[in-house]
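1. Pasting the sequence and the predicted coordinates here, then a few questions.
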Amino acid sequence: MCGIAGAVGDVPARLDAVRLMLRHMLHRGPDDAGEFHDLHCTLAMRRLSIIDLSRGHQPLFNEKHDIVCVCNGELYNFKTLRRELTDLGHVFSTGSDVEVALHGYETWGDDVVGKVNGMFALAIWDSARRRLLLARDRLGKKPLYYAIVNGGLVFASELRSLMTFPGASWRVDLDACRKFCVLGYLPEDRTPVVEIRRLAPGHVAVWEEHGLQLHRYWKPEPSPHAGSEAEATNALMELLRDAVKLRLISDVPLGAFASGGLDSSVVIAMAAGPLGARIPTFSVSFPGHSDFDEATHARRVANLFGCEHHEIPIDPSRFEDVVDVVWALDEPLADPAALPTLLLSREARKEVTVALTGEGGDEVFGGYERYSLALRGTSIMRQLGAFRGLAEAGLRLRGQRRFDDSRISRVLRSVAHGGANALSWSRTIARAPGIAQAAGWNGELLAGDPASQNEPGEERNRRLFALQTDDLTRSLPNGLLTKVDRMTMAASLEARCPLLDYRIVNFGLGLPDNWKIRGRTTKLILRRVARTLLPTDLADRPKHTFRVPLSHWLRGPLKQLVREAVSSDRLSTLGIVDQAGVARVADDHLQGRADFSRALWSLITLYLWFLKASEHASLERAE
């Protein structure tokens, strides 16, 4: 686990510039540092030592020293690849997992990234061909940003690090920032800076003398299962066992996050049960807010397997350092659960260096409530289209609240605007249009291309496919996984997500809908697996989203933060929002007339991010 940075091509003072970027990523790799520099390319890294602590120093070189590699992440199947490459005659100089990428590139070229099972962002410099390969893992667990500067290419694991590159000119991406206000995360490969892009998940980028070329090497593909539901359960059990086993490989102490929900409980049960791992567990609690608190269930899971359990209570006073939390997220991300995740990571880091997590279960096995709402709602709409008119009338009756973030408003908007298309329903439920409406923007346009009325998988019992792949390629890498990576790495902790092993992802996508959602019960196949590992009542517990009591806190202890964000002209000066419009939204929320908590948290996050960014780089308003 590392932070990597580099530059290639005609970039002034290249080595000094890369060293400057690296200094801003100490938290990603406090154990070691290394660099490579020649006439054409500079690579550098900071290392959090996990595998082969004494010899795993990077950069790594091949036998001829004409190919060099730096990597952020873990290549879980490195032992299998190492045996294969050794049989082909390659000589390994370390026990590091990253070295298989180096020798794999010699043997398979760019195709090596498709052979790796892991989470990674890597850079390979082929000096003989003057060729730089950048690659990012399939699901986007590890970040990588890049920009064309002065005719050369620069890249880094973090946006704020890349923004320190000397002599670069940065402009605000107005369109991306406005979409952020609706989505709560930045869309596609965009950042708040026009000139800086993310390398998309499952993509490689190749820089040669003729410039930069991007190529997608992987996308989520269903692996159809022809057997029975019981056979699928057994198959998933074996996949899960192998995925967790691979992620238990570590030369440093390892633990697990315990949310109390199904996904993390299954991961802990597999690790501490059949695989026999003795691991400590870590969870948060929300005293005084029982609707948001699953700490009791987390403690019970830990006790079942004899895990040493650590619980961190969260209250509004912990939000005192919210500015630092937003900046630690690296890019704007409106997820208020970032703070509990950071506090959880800091506590865990006192005991372990690696933590297993349960991310991905909802996207892979159909766990989100909006999935079941979309399936039921669109079925009704196909038979009784008159509901659209009733929903539109209901929205009119709600007045200003029709644009708020309450459950009823989101469902009514989906009925009114989603029609009979499940993907449109899912997207509409997930959006927060309050700021867009106040500013007079077109909310549908800002949220991205409208869902096709003939989405893949719309046939009977395959309608979830479009919803799941939409989340797996949009909100998961740009939202949830961004939060997990930044908050854990801010504490110098590595997070591993067994449920996002690409084999499990494809397996889940290949299951029929009624093996994932049946009535109000979600994640059916995963629950069947859970019943073999956990007591039935834990396996069958309804989903409880990991969230914080944000609406209450914004009206109480965080009220001043709301007022600061809406009274400042920082965002309006950049042309992002209308100051008078957002003031009305804030007033409606603070007075209890509507629930605009999600929209306001997006606004606050964006405001705080630009506040901190202005201290580190010059950002010009884009015309």
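-> Nice, thanks for sending it over.
2. Report the rounded mean pLDDT for the strand or helix carrying residue 488.
-> Per DSSP states H and E: residue 488 is located in helix 481-490. The pLDDT scores in helix 481-490 average 96.
3. again with stretch 518-528
-> pLDDT averaged over stretch 518-528 gives 93.
4. Now do that stretch: distance to the chain's middle.
-> Here the centre of stretch 518-528 is set off from its chain's centre by 24 Å, with Cα atoms, centre = their mean, to the nearest Å.
5. List the buried residues of it.
-> 522-528 (16 or more other Cβ atoms under 10 Å). Quick note: C-beta positions are derived from backbone N, CA and C, even for glycine.
6. before we move on, what about stretch 557-566?
-> 558, 561-562, 565-566.
7. possible to save those as a markdown table with secondary structure and distance to residue 98?
-> Shown next, in a markdown table, are these (DSSP: H, G, I helix; E, B strand; the rest coil; distance: Cβ to Cβ, whole Å):
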| residue | secondary structure | distance to residue 98 |
| --- | --- | --- |
| 558 | coil | 42 |
| 561 | helix | 42 |
| 562 | helix | 45 |
| 565 | helix | 42 |
| 566 | helix | 47 |
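8. Just the closest of the residues you listed to residue 152, please.
-> Among those, residue 565 lies closest to residue 152 (Cβ to Cβ), at 37.2 Å.
9. which other residues reach stretch 584-603?
-> 180-182, 184, 334, 336, 400-401, 403-406, 432-435, 438, 550-551, 554-555, 559, 562-563, 565-566, 571, 577, 582 (Cβ atoms under 8 Å, 6 or more residues apart in numbering).
10. ok, of those, which come out buried?
-> Those of the contacts of stretch 584-603 that meet the buried threshold are 180-182, 184, 334, 336, 401, 403-406, 432-435, 438, 550-551, 554-555, 562, 565-566, 571, 577, 582, by 16+ other Cβ under 10 Å.
11. quick one on the thing from earlier: restricted to helices, list the buried residues of stretch 518-528.
-> 524-528 (DSSP state H).
12. which sections of the stretch 401-550 of the chain are below the confidence cut-off?
-> 442-460, 544-547 (pLDDT under 70).
13. separation between residue 314 and residue 512?
-> Distance from residue 314 to residue 512, counting by Cβ to Cβ, to the nearest Å: 39 Å.
14. for residue 26, same thing?
-> Residue 26 sits 48 Å away from residue 512, going by Cβ to Cβ.
15. more crowded one of those two?
-> Each of residue 26 and residue 512 had its neighbours counted (other Cβ atoms under 10 Å), and the higher figure belongs to residue 512 (16 against 12).
16. Dihedrals phi and psi, the more buried one?
-> Residue 512 adopts backbone torsions of phi -70, psi 150, taken as degrees, to the nearest 10.
17. Near the residue lying closest to it once chain neighbours are set aside, how many residues? Count them for me, please.
-> Nearest-residue entry for residue 512: residue 461, 4.5 Å, with adjacent residues in sequence omitted and distances by Cβ to Cβ, 6 or more residues apart in numbering. The local packing of residue 461 (other Cβ under 10 Å) involves 13 other residues.
18. got it, and residue 618?
-> Other residues close to residue 618 by other Cβ under 10 Å number 11.
19. Can you list which of the contacts of stretch 584-603 are found in strands?
-> In strands, judged by DSSP state E, none of these are found.
20. Residue 464 contacts residue 514, correct?
-> No: using Cβ atoms under 8 Å, residue 464 is not in contact with residue 514, being 9.7 Å away.
21. related to what we said a few turns ago, just list what the helix holding residue 488 packs against, helices and strands only.
-> Applying 3 or more Cβ pairs under 8 Å, 6 or more residues apart in numbering; DSSP states H and E, we find helix 481-490 packed against helix 322-328, helix 338-349, strand 494-496.
22. switch to 10 Å and redo it
-> strand 67-75, strand 118-126, helix 322-328, helix 338-349, strand 354-356, strand 494-496 (3 or more Cβ pairs under 10 Å, 6 or more residues apart in numbering; DSSP states H and E).
23. Dump the ones you listed into CSV; add mean neighbour count as well.
-> Shown next, in CSV, are the helices and strands packed on helix 481-490 (neighbours: other Cβ atoms under 10 Å):
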stretch, mean neighbour count
strand 67-75, 26
strand 118-126, 26
helix 322-328, 19
helix 338-349, 22
strand 354-356, 26
strand 494-496, 25
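24. In a markdown table: those, plus distance to residue 386.
-> What follows is those, written out as a markdown table (distance: least, Cβ to Cβ, whole Å):
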| stretch | distance to residue 386 |
| --- | --- |
| strand 67-75 | 52 |
| strand 118-126 | 48 |
| helix 322-328 | 45 |
| helix 338-349 | 42 |
| strand 354-356 | 49 |
| strand 494-496 | 48 |
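25. With respect to residue 371, which of the ones you listed lies nearest?
-> Of all the helices and strands packed on helix 481-490, it is helix 338-349 that lies closest to residue 371, at 23.4 Å by Cβ to Cβ.
26. And the strand or helix carrying residue 603, what's buried?
-> For residue 603, the enclosing helix or strand under DSSP H and E is helix 597-613. By neighbour count on 16+ other Cβ under 10 Å, the buried set for helix 597-613 is 597-611, 613.
27. relative orientation of the longest helix along the chain and strand 67-75 in degrees?
-> If you go by DSSP H, the chain has its longest helix at helix 229-247. Calculated by axes from the mean of the first three to the mean of the last three Cα atoms, to 10 degrees, helix 229-247 forms an angle of 130 degrees with strand 67-75.
28. From the contact counts, what lies against helix 229-247?
-> Applying 3+ Cβ pairs under 10 Å, 6+ apart, one finds that helix 229-247 contacts strand 67-75, helix 78-87, strand 118-126, helix 262-272, strand 354-356, strand 494-496, helix 502-510, helix 524-533.
29. would you list these in CSV and tack on distance to residue 474?
-> Listed next are the helices and strands packed on helix 229-247 as CSV, based on distance: least, Cβ to Cβ, whole Å:
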stretch, distance to residue 474
strand 67-75, 21
helix 78-87, 30
strand 118-126, 18
helix 262-272, 20
strand 354-356, 25
strand 494-496, 20
helix 502-510, 15
helix 524-533, 22
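30. and of the ones you listed, who's closest to residue 41?
-> Among these, if distance is taken as Cβ to Cβ, the winner is strand 118-126, at 4.7 Å.
31. Please give the centre-to-centre distance between the helix or strand just after the closest one and its chain.
-> As assigned by DSSP H and E, the chain's next helix or strand after strand 118-126 is strand 131-136. Computed by Cα atoms, centre = their mean, the chain-centroid distance of strand 131-136 equals 21 Å.
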